[in-house]
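Colleague: Mind looking at a prediction? Sequence and model below.
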Amino acid sequence: MHTYFTKNIATLVTKLLRIFPPEIAHNLAGYALKKNLIPFHINKKLFLDGIDLSSQLSDKIRLSHPLGLAAGFDKNAQFLAGLSRLGFSFIEVGAATPLAQEGNKAPRVFRYPDKKALINRMGFNNVGIEKINTHLIDFFKKKHTQPVGLNIGVNKTTPLEKALDDYLLVLKKTTEAVSYYSINLSSPNTESLKFLCHPEIVESLAQRIRTETSVPLSKVWIKLGPNLEKIFFQSLVESVFESKFAGLILTNTFPVKEPEAGGLSGLPLLEKSEQALEWAWEVHEGSLPMIAVGGISNGKDLYERIRRGAALAQIYTAFIYEGPFVVECILKEFCDILRSKKISYLDELRGSYYS
């Protein structure tokens, strides 16, 4: 296990980063990851302690545990080598758009530590799929075994009627370096996406992916927001299921106007994202894989998401606040809960909320 000294240093550095504005702190952390300045490697086997946490990402990919990193932290796939040492079982990068874009003007990220929350209005800032793909291929060629997902968005300047073309352009330009894709049909910071969040769009997207790309739908997940009415949300879930997409990622950030405009993430999202899992389960009853994201910060949160039917889970805001040992802490707490309930395999837990 890691020494008390090492963990104290990591905790101190995490706290020191909060002295800086959020985006500067993020860039400093990214630089440290990119330059391999974080002097430890978390051994995922230490989390397991005799409990089988293995989880299925796809027919071909089995993970050692269910906890991954959500899209948004590593937008340009530049920090993968450093992130892969922190214990995540899978990492999602992006959002990637066909063309590079700067996103919205700063300041565009805001911390609310008393609520363990963030608000961001980044606006899909990224270097474009050409450069992102280069970074992904470089990581892949170095024989890293970390499964990497690519989140896909739409360029701000793309007309609404051409929005699906952006998704397809990104899909066509990527390679085997991508383990799976997630498609944003929701984002508080991209106005056009709210018009794409419709069952007919889901069906049209599926048809175009089948006919215009070589990417199987079994590698494509759909990411939805937490702010939809139940009947409409469930109609979207039904379309995702019937179109044979890989599954659902629930949920994106919650759109807010106050105290800043943008997407709210972290602890305030916990109930909404749990509710989304429950609503989705009512439709597919366990037949459609789900990745839970939103407000997960400890072992109990992870337990409740798996219990509500999630196959996997992702964190983002908890990583920002808790630092590089967050995965180890969450999984150790999770294993303690499983032991207390005499659960040895995740399949015993998954969906048990409904029984």
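Modeller: Right, received. Where do you want to start?
Colleague: Restricting the selection to alpha carbons, write the helix or strand hosting L171 to CSV.
Modeller: Applying DSSP states H and E as the criterion places L171 in helix 163-173. Presented in CSV, the C-alpha positions along helix 163-173 are these (Å, rounded to 0.1, in the frame of the first residue of the first chain):
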residue,chain,number,x,y,z
ALA,A,163,-25.3,18.2,-36.6
LEU,A,164,-25.4,14.4,-37.2
ASP,A,165,-22.7,14.9,-39.8
ASP,A,166,-20.3,16.0,-37.1
TYR,A,167,-20.8,12.8,-35.1
LEU,A,168,-20.2,10.7,-38.2
LEU,A,169,-17.1,12.7,-39.2
VAL,A,170,-15.5,12.0,-35.8
LEU,A,171,-16.5,8.3,-36.0
LYS,A,172,-15.0,7.9,-39.5
LYS,A,173,-11.7,9.5,-38.5
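Colleague: just the strands in this protein please.
Modeller: In the chain, strands defined by DSSP state E lie at 55-56, 62-63, 67-69, 91-96, 109-112, 117-120, 148-152, 180-184, 220-224, 247-250, 254-256, 262-266, 290-293, 312-315, listed in chain order.
Colleague: packing partners for the helix holding L171?
Modeller: helix 129-141, strand 148-152, helix 193-196, helix 199-212 (3 or more C-beta pairs under 8 Å, 6 or more residues apart in numbering; DSSP states H and E). For glycine as for every other residue, the C-beta is placed from the backbone atoms N, C-alpha and C.
Colleague: Give the rounded mean pLDDT of the longest one.
Modeller: Pointing back at helix 199-212 there. Helix 199-212 shows an average pLDDT of 96 in the prediction.
Colleague: Mind listing what's buried along it?
Modeller: P199, I201, V202, L205, A206, I209 (16 or more other C-beta atoms under 10 Å).
Colleague: Now tabulate the helices and strands packed on helix 163-173 in JSON lines and tack on distance to F73.
Modeller: What follows is these, written out as JSON lines (distance: least, C-beta to C-beta, whole Å):
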{"stretch": "helix 129-141", "distance to F73": "14"}
{"stretch": "strand 148-152", "distance to F73": "11"}
{"stretch": "helix 193-196", "distance to F73": "20"}
{"stretch": "helix 199-212", "distance to F73": "26"}
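Colleague: how about the ones you listed, which one is nearest L16?
Modeller: helix 129-141 (27.7 Å; C-beta to C-beta).
Colleague: That closest one: how far from the chain's middle?
Modeller: 19 Å (C-alpha atoms, centre = their mean, to the nearest Å).
Colleague: now the angle between strand 91-96 and it, please.
Modeller: 160 degrees (axes from the mean of the first three to the mean of the last three C-alpha atoms, to 10 degrees).
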